[in-house]
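Colleague: Provide a 3D model corresponding to the input given below.
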Amino acid sequence: METAIRDILAHIDFPIYWPLPLVFWPVPAGLAFWLIFLWARANEQKIHLRERCPNETTVDFDKGSWLLINYGWRLVRLAALVIALTTPPWGHGLIRTLLYCFGLTSMVSGALLRQHCFRMLGNYFTYTVRVSESNEIVRRGIYRWVRHPSYTGGMLYNLGISLTLTNWQSTILIIFGMIVMYVYRVRVEEKALLKVHKTDYSQYMLQTKRFVPFVF
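Modeller: Residues are numbered from 1 along each chain as shown. Have a look, this model is predicted:
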């Protein structure tokens, strides 16, 4: 046991771990990640605070999907960070730096896409699955081509986090988490929308893709 602990500590202290572990590295590596992370969280928090007073005309169809995403992502990200701290990195030198930079870019892209979705949906955006007959099927902006672009943004953002960890095991864990959580969430949401909006949403499904315009 003592030998295993010494090996882990020696592994973490090894200089090749730049730019990770993120929280322990100052300018420029760790700072870039945390500025993006906190900026994205601040924008999400504004929407979350607004949702604490839900529209009384909406019906809750959530079936625990928000709890799965909310707490599931916290556990997955924590586990991914622990893995990145205790196992070898995914490449070295320039490759690792490029992965880290690409991860930051993916995080920014995902956060910007979600912010676009917040603007397009307005008060219709909710973290829990809540639907009302009075709600319109939004077809503005990216919603002209994709039914669930906010989840696309979430996937880009979380994929970015996995790439900044520059650890292939962390990346696989986060991708697996995305598949489990978003597949369940999308099924719950689409069933709710079909139940309430029936023909309108059925037609909308035929005209759009789920996550990627013209592809999937």
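
Colleague: Find the helix or strand that the most centrally placed residue in the chain is a member of.
Modeller: Per CA atoms, centre = their mean, the C-alpha nearest to the average position across the chain is that of Gly154, at 2.9 Å. In the assignment (DSSP states H and E), Gly154 maps to helix 149-164.

Colleague: That helix: what's the following helix or strand?
Modeller: helix 168-197.

Colleague: buried residues in that next one?
Modeller: 168-171, 173-174, 177-178, 181-182, 184-186, 188-190, 192-193, 196-197 (16 or more other CB atoms under 10 Å). Quick note: C-beta positions are derived from backbone N, CA and C, even for glycine.

Colleague: follow-up on the earlier one: now do the helix holding Gly154 against helix 168-197, angle only.
Modeller: Going by axes from the mean of the first three to the mean of the last three CA atoms, to 10 degrees, helix 149-164 is angled at 170 degrees with respect to helix 168-197.

Colleague: Centre of the chain to helix 149-164, how far?
Modeller: Computed by CA atoms, centre = their mean, to the nearest Å, the chain-centroid distance of helix 149-164 equals 4 Å.

Colleague: any idea where the helices of the protein begin and end?
Modeller: Using DSSP state H, the helices of the chain run over residues 2-13, 29-50, 65-86, 93-121, 149-164, 168-197, 199-207.

Colleague: would JSON lines of these with distance to Phe216 and mean pLDDT be doable?
Modeller: As requested, these are exported to JSON lines (distance: least, CB to CB, whole Å; pLDDT from 0 to 100):
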{"stretch": "helix 2-13", "distance to Phe216": "38", "mean pLDDT": "49"}
{"stretch": "helix 29-50", "distance to Phe216": "24", "mean pLDDT": "84"}
{"stretch": "helix 65-86", "distance to Phe216": "20", "mean pLDDT": "90"}
{"stretch": "helix 93-121", "distance to Phe216": "16", "mean pLDDT": "92"}
{"stretch": "helix 149-164", "distance to Phe216": "10", "mean pLDDT": "95"}
{"stretch": "helix 168-197", "distance to Phe216": "12", "mean pLDDT": "94"}
{"stretch": "helix 199-207", "distance to Phe216": "13", "mean pLDDT": "93"}
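
Colleague: For Val129, find the nearest of these.
Modeller: Closest approach to Val129 among the helices of the chain (CB to CB): helix 168-197, 5.1 Å.

Colleague: What is that closest one packed up against?
Modeller: If you count contacts as 3 or more CB pairs under 8 Å, 6 or more residues apart in numbering; DSSP states H and E, helix 168-197 packs onto helix 65-86, strand 130-131, helix 149-164, helix 199-207.
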